[in-house]
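[1] Have a look at this fold, sequence not included:
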Ligand code: CA
């Protein structure tokens, strides 16, 4: 899951960033203070990239960065700096940030930076070896193919996307709304039923006994889970 934290106290800027990152396919966690950001990061340990504004009421973005880095070296951190804060860039990088973006920034620029960092932190589209192996399954993310016990299973693009989402989140209960957003995109205004239909079809292909699924299990009243 590609999850980003956005810390920005100005709500208009924050929602502008949040809306557009969601449009670009990210799951976004918002915070309006440094304290809230640290709290949210504890709740969402799977956040891969954090965007930190510097000027904040309470503890500032540098302090947030410092505290994150004290326990987490893996997360990507981008500081949001104002043009007048040239020095901040240096300070930010010294406190452990990976990158900075100067306000006002273009969306293309911001998204490109987040994408780049996401790839580096291992949460991006390109896995290092292009394979996710969970016996008896092998998903090849370069060829977009799936094998079970060495036998190729033919999948549609949507089925492939669902499988990839599952195999990237083993054992995690995924909400139907979440699946719809992840696979069909946030702009898709379809019905949740399309998720169920595709899951049913996918089960016919991947399960040993589709009437008694053991790989794709139903989480009643919620969604589905990939896990054995
Ligand atoms: Ca601010």
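    Structure received. Since the structure is predicted, the reported quantities are computational estimates derived from the model, not experimental observations. Residues are numbered from 1 along each chain as shown.
[2] now for stretch 42-62, what's the gap between its first and last residues?
    18 Å (C-alpha to C-alpha, to the nearest Å).
[3] For the remainder of this discussion, apply numbering that starts at 47.
    Yep, numbering from 47; the last one is stretch 88-108 now.
[4] Now do it, average pLDDT.
    Over the span of stretch 88-108, the pLDDT mean works out to 93.
[5] Ok, stretch 149-164 next?
    The average pLDDT for stretch 149-164 rounds to 83.
[6] which residues of the protein fall in strands?
    Assigned by DSSP state E, the strands in the chain fall at 49-53, 73-77, 93-99, 122-128, 145-149, 177-180, 183-186, 191-194, 197-199, 219-221, 262-265, 269-272.
[7] lowest-confidence stretch among those?
    Of all the strands of the chain, mean pLDDT reaches its minimum on strand 145-149 (a mean of 81).
[8] which helices and strands does it pack with?
    In terms of contacts (3 or more C-beta pairs under 8 Å, 6 or more residues apart in numbering; DSSP states H and E), strand 145-149 is packed against strand 122-128, helix 132-140, helix 153-166. In this view, the C-beta of every residue, glycine as well, is placed from N, C-alpha and C.
[9] Can you give me the buried ones in the shortest one?
    By neighbour count with 16 or more other C-beta atoms under 10 Å, strand 122-128 contains the buried residues 122, 123, 124, 125, 126, 127.
[10] of all those residues, which comes closest to residue 70?
    Using C-beta to C-beta, residue 124 comes nearest to residue 70 of the buried residues of strand 122-128, at 14.2 Å.
[11] Surely the closest one is in contact with residue 98?
    Yes. The pair residue 124 / residue 98 is scored as a contact, 7.2 Å apart, by C-beta atoms under 8 Å.
[12] Need the overlap of contacts for these two.
    Overlap of the contact sets of residue 124 and residue 98 (by C-beta atoms under 8 Å, 6 or more residues apart in numbering) consists of residue 143.
[13] tell me which parts of this structure are close to the ion?
    Residues of the chain lying close to the ion by C-beta under 5 Å from the ion are 55, 99, 101.
[14] tell me the contacts of the second one?
    Contacts were defined as C-beta under 8 Å, 6+ apart; by that measure residue 99 touches 53, 54, 55, 56, 59, 107, 125, 126.
[15] hmm, back to that, which member of the residues of the chain next to the ion is positioned nearest residue 218?
    Using C-beta to C-beta, residue 99 comes nearest to residue 218 of those, at 29.9 Å.
[16] So what sits opposite the closest one in the bridge?
    Applying DSSP bridges to residue 99 gives these bridge partners: residue 126.
[17] most packed of the strands of the chain?
    Ranked by mean neighbour count, the strands of the chain are led by strand 93-99 with a mean of 26 (mean count of other C-beta atoms under 10 Å).
[18] what's the angle from it to strand 73-77?
    40 degrees (axes from the mean of the first three to the mean of the last three C-alpha atoms, to 10 degrees).
[19] quick check, nearest of the contacts of residue 99 to residue 146?
    Minimum distance to residue 146 across the contacts of residue 99 is 4.3 Å, recorded for residue 125 (C-beta to C-beta).
[20] Touching, that closest one and residue 145? I think so.
    Yes. Shown here, residue 125 and residue 145 form a contact pair, counting by C-beta under 8 Å, at 7.5 Å.
[21] Residue 211 against residue 218, yeah?
    No. Using C-beta under 8 Å, residue 211 makes no contact with residue 218, being 9.8 Å away.
[22] ok, residue 211 - contacts?
    Going by C-beta under 8 Å, 6+ apart, residue 211 touches 220, 225, 228, 229.
[23] This completes my enquiry, with thanks.
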